[in-house]
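In: What follows is a predicted structure for the sequence shown.
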Amino acid sequence: MGAGATDAGATVTLGVSLAVPEPYGTLLQERRASFGDAAAHGIPTHITLLPPTEVPASARPAIEAHLAGVALAGRSFRVRLSGTGTFRPLTPVVFVQVAEGVAACTRLQERVRDPEGPLARELHFPYHPHVTVAHGIPEAAMDRAFTQLADFECAWTAGGFALYEQGTDEVWRLRREFPFAPRPGMPPGPARPQGPAPAAASSLDVTLPPAACRPPHQRRTALRPSATL
């Protein structure tokens, strides 16, 4: 077989997500690393819309065209993160909860996985938007993640989503951003902060306690996990 046949059979692993904007994306990534999660710096902080999905490399143009259409039909929406949750004991994951924007995320991921589109697929578990902050690490470290981020709060306006590709080094890299159609008088963009000065990071709302504030035995009821990046 020639090189052309090999290329024709090549596949890539893609994911679609809402990025958590700065400074919170880096803050949560660093906290995830501090709990001993070695994958922290290979996964941008995000809310999954499409879990890791292997597709033919040749399908990328059609996939990007599909996602552009999904974004064009979408509108910006408010996202608020608040507190922690866990999928334990079913799956060793601790996450920051999506307190506002759940319905919008759910509708969006359904459009991304349109049964007639190039990313049609089933999920292993019911979709549950969240931001992973610990995955597959020792229980004591999972407990620290749960308690130390229990009072975490932040909010922003999601102005679009992004396509990521996993490299052979297992690092996820941004391939393309897809801004939603702008509302009248508002510029398009992947994320906009709340408040009167949307360009300033200080207008974002975040609370992060310096110490643990809720013991592990008071953790919230475990939820069934959705697949995540």
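Out: Looks like it arrived, so ask away.

In: CA only for contacts and neighbour counts going forward, please
Out: Fine.

In: remind me, longest helix of this structure?
Out: Scanning the chain for the helix with the most residues, using DSSP state H, yields helix 60-73.

In: Please state the offset of that helix from the chain centre?
Out: Between the centre of helix 60-73 and the centre of its chain there are 18 Å (C-alpha atoms, centre = their mean, to the nearest Å).

In: Summarise which helices and strands it is packed against.
Out: Helices and strands touching helix 60-73, by 3 or more C-alpha pairs under 8 Å, 6 or more residues apart in numbering; DSSP states H and E, are helix 102-112, strand 172-179.

In: Return the list of strands paired to the last one, each annotated with direction.
Out: Strand 172-179 has these partner strands in its sheet, going by DSSP bridges: strand 160-166 (antiparallel).

In: Which strand residues bridge the nearest residue to R176 once chain neighbours are set aside?
Out: Nearest residue to R176, sequence neighbours excluded (C-alpha to C-alpha, 6 or more residues apart in numbering): L163, at 5.3 Å. When assigned by DSSP bridges, L163 has beta-bridge partners V16, R176.

In: per-residue confidence at L163?
Out: pLDDT recorded at L163 is 99.

In: what sits against the residue nearest the centre of the chain?
Out: Most central in the chain under C-alpha atoms, centre = their mean is I47, positioned 2.0 Å from the mean C-alpha point. Listed by C-alpha atoms under 8 Å, 6 or more residues apart in numbering, the contact set of I47 reads 17-20, 129-131.

In: mind redoing it with 6 Å?
Out: 17-18, 130-131 (C-alpha atoms under 6 Å, 6 or more residues apart in numbering).

In: Let me have those residues in CSV, extended by pLDDT, distance to V96 and neighbour count.
Out: Listed next are those as CSV, based on pLDDT from 0 to 100; distance: C-alpha to C-alpha, whole Å; neighbours: other C-alpha atoms under 10 Å:
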residue, pLDDT, distance to V96, neighbour count
S17, 98, 15, 23
L18, 98, 14, 24
H130, 98, 6, 24
V131, 99, 5, 26
